[in-house]
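# When you get a sec, could you give me coordinates for this:
(2 chains)
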Amino acid sequence: MSSVLRAVWDNTYGLLVDDGQLAIGAIVALAITWVIAHSGSDALGENAGWVLLALVLALVLANLYRAGRNARRRAG
Amino acid sequence: MDLVTLAIAATPSFLASAVEFVEATTIVLAVGITRGWRAPLVGTVLATLTLAVIVGTLGVALVTVVPERLLLGIVGTLLLLFGLRWLRKAVLRFAGIVALHDEEEIYRREVAELKAQGLRRNRWDWVGTLVAYKAVLLEGTEVAFIVIAFGAKGIGAMNAAIVGAIAAGIIVIALAAALRSPLTAVPENWMKFGVGAMLSSFGIFWFGEGVGAHWPGDAASIPLILGSLLLASLIAVRMLGGLLPQGARVEARNV
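Residues are numbered from 1 along each chain as shown, chains lettered A, B, ... in the order given. Next up, the predicted model:
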């Protein structure tokens, strides 16, 4: 039973996470967006979606830059 | 439910499912051509039934039980994580850091492995059944996830997402049956790039809606979000190309 649960967990995790730092970054971006949306300010709350987009774009570029630097180091 | 909502559910479901069906079909084709068709077809049918149960229970339960705002937040989170995983890998592939997905190579490797396992003609081919079942179930889980995510807006959207996935399945299977070879002409790497950006865009859009953000023009904002993600991804491909030393593209693959 535990091996079946383990396999289900591994598959679900693999479905959503390829790079741990990217996944954690995405969750942090979502958490920041949630906090902004519930900050009490109407103007900030209404624009929370654009904040999320900006955070995700920055996250994607930063994560890929790090991956590129790692690849350069390994390529020698 | 309006046509835009139905198109939003059906189109990404069709495209993402087509990519997954191409991958599953390559394996089933390899099994069928090397070991005969009965066992892999049984494996495929069993996996399809398993997936139908997953979508039927989990999907319907989500749509009917979870409150809409919370559901948008959950689906947005999952789609963003899922989409970014695809997008990252696609960018790394186009930058030459990870090897491009090659359906022909996968097919040849699978055929060699299956031939090496041997076949007893007088017994049921469990190897063929299990390989096909596993391939269809693994690729199909992603299809089921996408169908559930895009169908989360209600029963109409769920039906549209299911129709999109089934249409993709019928087209891919018909093409593979007609050609009797892996579908290498399908621009799978480009499709994964686009679908990754598309899934991430819907993730951002729905999570925003879930937390009460206002999107100008509602769903009309999605192309803008998608365009921004595609632009950032193309910038990333160029940036990575510049980071790697000249001639290091091949050496850096599969890191």
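# For the most centrally placed residue in chain A, give me the pLDDT.
Most central in chain A under C-alpha atoms, centre = their mean is A:Ala26, positioned 1.7 Å from the mean C-alpha point. On pLDDT, A:Ala26 comes in at 96.
# Over to A:Leu5?
Looking at A:Leu5, its pLDDT stands at 67.
# Could you list which residues are in contact with the residue of chain B found nearest chain A?
Closest to chain A within chain B is B:Gly208: 2.9 Å, counting by C-beta to the nearest C-beta. Where C-beta positions appear, they are placed from N, C-alpha and C, glycine not excepted. Contact partners of B:Gly208, counting by C-beta atoms under 8 Å, 6 or more residues apart in numbering or on different chains, are A:33, A:48-49, A:52, B:76, B:215.
# Closest one of those to A:Asn11?
Among the contacts of B:Gly208, B:Gly76 lies closest to A:Asn11 (C-beta to C-beta), at 21.4 Å.
# Which SSE is immediately downstream of whichever strand or helix holds the closest one?
Using DSSP states H and E, B:Gly76 sits in helix B:68-94. Next along the chain after helix B:68-94, taking DSSP H and E as the criterion, comes helix B:103-116.
# which other residues reach that next one?
By C-beta under 8 Å, 6+ apart, helix B:103-116 touches B:22-23, B:26-27, B:29-31, B:33-35, B:127-128, B:131, B:181-184, B:186, B:188.
# Let's see the ChimeraX selection covering just the buried ones among the residues you listed.
Listed next is the ChimeraX selection for buried residues among the contacts of helix B:103-116, using 16 or more other C-beta atoms under 10 Å in any protein chain shown:
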select /B:22,23,26,27,29,30,31,33,34,35,127,128,131,182,183,186,188
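# near chain B, which residues of chain A show up?
A:11, A:15-19, A:22-23, A:26-27, A:30, A:33-34, A:37-38, A:45-50, A:52-53, A:56-57, A:60-61, A:63-65, A:67-72, A:74-76 (C-beta under 8 Å from any C-beta of the partner chain).
# which of the residues you listed count as buried?
Taking 16+ other C-beta under 10 Å as the criterion, what is buried in the residues of chain A next to chain B is A:15-19, A:22-23, A:26, A:30, A:33-34, A:37, A:45-50, A:52-53, A:56-57, A:60-61, A:63-64, A:67-68, A:71-72, A:75.
# how about the nearest residue to B:Trp124 once chain neighbours are set aside, secondary structure?
Excluding the flanking residues, the one nearest B:Trp124 by C-beta to C-beta, 6 or more residues apart in numbering or on different chains is B:Ala39, at 6.9 Å. Under DSSP: H, G, I helix; E, B strand; the rest coil, B:Ala39 falls in the helix class.
# Can you tell me how far B:Ala39 is from B:Ala24?
Look at B:Ala39 and B:Ala24: by C-beta to C-beta, to the nearest Å, they are 15 Å apart.
# neighbour count winner among these two?
B:Ala24 (25 against 22; other C-beta atoms under 10 Å in any protein chain shown).
# now the angle between helix B:103-116 and the helix or strand where that one lies, please.
B:Ala24 belongs to helix B:3-35 when elements are defined using DSSP H and E. Interaxial angle, helix B:3-35 versus helix B:103-116 (axes from the mean of the first three to the mean of the last three C-alpha atoms, to 10 degrees): 40 degrees.
# Give the other helices and strands that helix B:3-35 contacts.
When contacts are defined as 3 or more C-beta pairs under 8 Å, 6 or more residues apart in numbering or on different chains; DSSP states H and E, helix B:3-35 packs onto helix B:38-54, helix B:103-116, helix B:126-150, helix B:155-179, helix B:188-210.
# Okay, angle between the fourth one and helix B:126-150 too, please.
With the same axes, to 10 degrees defining the directions, helix B:155-179 sits at 140 degrees from helix B:126-150.
# Quick one: list the elements packing against helix B:155-179.
helix B:3-35, helix B:60-65, helix B:126-150.
# hmm, try it at 10 Å
helix B:3-35, helix B:38-54, helix B:60-65, helix B:126-150 (3 or more C-beta pairs under 10 Å, 6 or more residues apart in numbering or on different chains; DSSP states H and E).
# Quick one: mean pLDDT over that helix.
On average, helix B:155-179 scores 89.
# Buried residues, it. List them.
For helix B:155-179, using 16+ other C-beta under 10 Å, the buried residues are B:157-158, B:160-165, B:168-169, B:172-173, B:175-176.
# biggest separation within the residues you listed, which pair?
B:Ala157 and B:Ala176 (28.7 Å).
# Under the pLDDT cut-off, which ranges of chain A? List them.
For chain A, the stretches with pLDDT under 70 are A:1, A:4-5, A:8, A:76.
# same thing but at 80, please
Counting by pLDDT under 80, chain A contains low-confidence residues at A:1-16, A:40, A:74-76.
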